[in-house]
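Enquirer: with the input below, show me the fold.
(one chain, ligands or ions: 1)
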Amino acid sequence: MKIHFAAVLLLFIVMSSLGMAVSLKGGQPFIKTNTIGDFQKVCLDSLKRLPGNVSKTALDVACSQAKVLEGCYSVEGHPIYHFQPKSKQTANQNRILVIGVMHGDEAEGGSVARRWMERLTRLQSRNKWRIIPTLNPDGLKMKTRVNANGVDINRNFPSADWDALAHKYWISKKNKDPRRNPGPSASSEPETVCAVRHIEDFAPHFIVAIHTPYGVLDFDGPKVKAPMFPGIPWVSLGTFPGSLGRFMWKGKGVPVLTVELKGAKLLEQIDQMDLLQDVAGTLAIKVKKTKKKLKNSL
Ligand SMILES: [Zn+2]
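Expert: You can find the predicted model right below:
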């Protein structure tokens, strides 16, 4: 027994000294499949595989600037990388956090995030953007909505009502649908923890979550006249215990724009996605002005 423990410890030390990411999972050494240093390659490889056209030169630039926030690894150990273009720091700049592929079977959301990344390498934006194109890399690999633990990340956020309602809601309203499993506890999943760390680190004024397949724009935020976007109507889908919208808008007053794409069809007109990015940027600025007005009138 002692020898076994010593062997495990030795393996752990050797791996660590080689710069390999090692963590203990269930008491066993768990070697992350991708370690610090090659996540820029992972960024390129995984984003190239997503549906739709790729601008190789722009993606090379974006992925060469990819980073991984501490602890941002999936259950299977894949890096959850992000891209934040260098931007001119101006006063009162809006910080917008974009999250793609929270659900692994919604690859098109990652394609839009990729397009926005490519675009941000070329233009000087009014806002400061941080993009996490694939929050759920294990789900993307397995083509499942849930992560490798079978948990729906968008029901696992630590909203104030999680303990009281997440399981209740899942059982009574969703008949324990495995696609909407909220997990054993709030923030039990590394992908959720990673998203929350980004929220703390970047302190966004506005969040865009890109999903499929409903074909609507859903906004959880203050009442503003939403900018027009051709082809996708504004519809309120509501929030759920443990959803990002409930956690951020209901809990922290940070608006969340949920883009629900209608599958691959929109990717055929990818320039529309450029317009969608501009619409999101405009909405973020509008919301900030509305908030300021509310504050001043109090
Ligand atoms: Zn989704």
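
Enquirer: so who does the closest residue to P158 other than its chain neighbours touch?
Expert: Leaving aside its sequence neighbours, P158 sits nearest to A186 (Cβ to Cβ, 6 or more residues apart in numbering; 3.9 Å). Using the backbone N, CA and C atoms, a C-beta is placed for each residue, glycine as well. Neighbouring residues of A186 by Cβ atoms under 8 Å, 6 or more residues apart in numbering: 156-159, 162-163, 166, 192, 242.

Enquirer: state which helix of the chain is the longest.
Expert: helix 270-297 (DSSP state H).

Enquirer: same question for that helix, mean pLDDT?
Expert: For helix 270-297, the mean per-residue pLDDT is 80.

Enquirer: kindly report the same for stretch 44-55.
Expert: Here the average pLDDT along stretch 44-55 is 93.

Enquirer: residues near K262, how many?
Expert: 14 (other Cβ atoms under 10 Å).

Enquirer: tell me, how many residues neighbour the nearest residue to it once chain neighbours are set aside?
Expert: In space, K262 comes closest to G215 once its chain neighbours are excluded; the distance is 3.4 Å by Cβ to Cβ, 6+ apart. The local packing of G215 (other Cβ under 10 Å) involves 16 other residues.

Enquirer: doesn't E260 make contact with G215?
Expert: Yes - between G215 and E260 there is a contact at 6.1 Å, judged by Cβ atoms under 8 Å.

Enquirer: now do the helices in the stretch 151-298 of the chain.
Expert: Counting by DSSP state H, counting those that start in this stretch, the segments of the stretch 151-298 of the chain that form helices are 167-174, 190-202, 244-245, 251-252, 270-297.

Enquirer: deepest of these, which one?
Expert: Among the helices of the stretch 151-298 of the chain, helix 244-245 has the highest mean neighbour count (mean count of other Cβ atoms under 10 Å), at a mean of 27.
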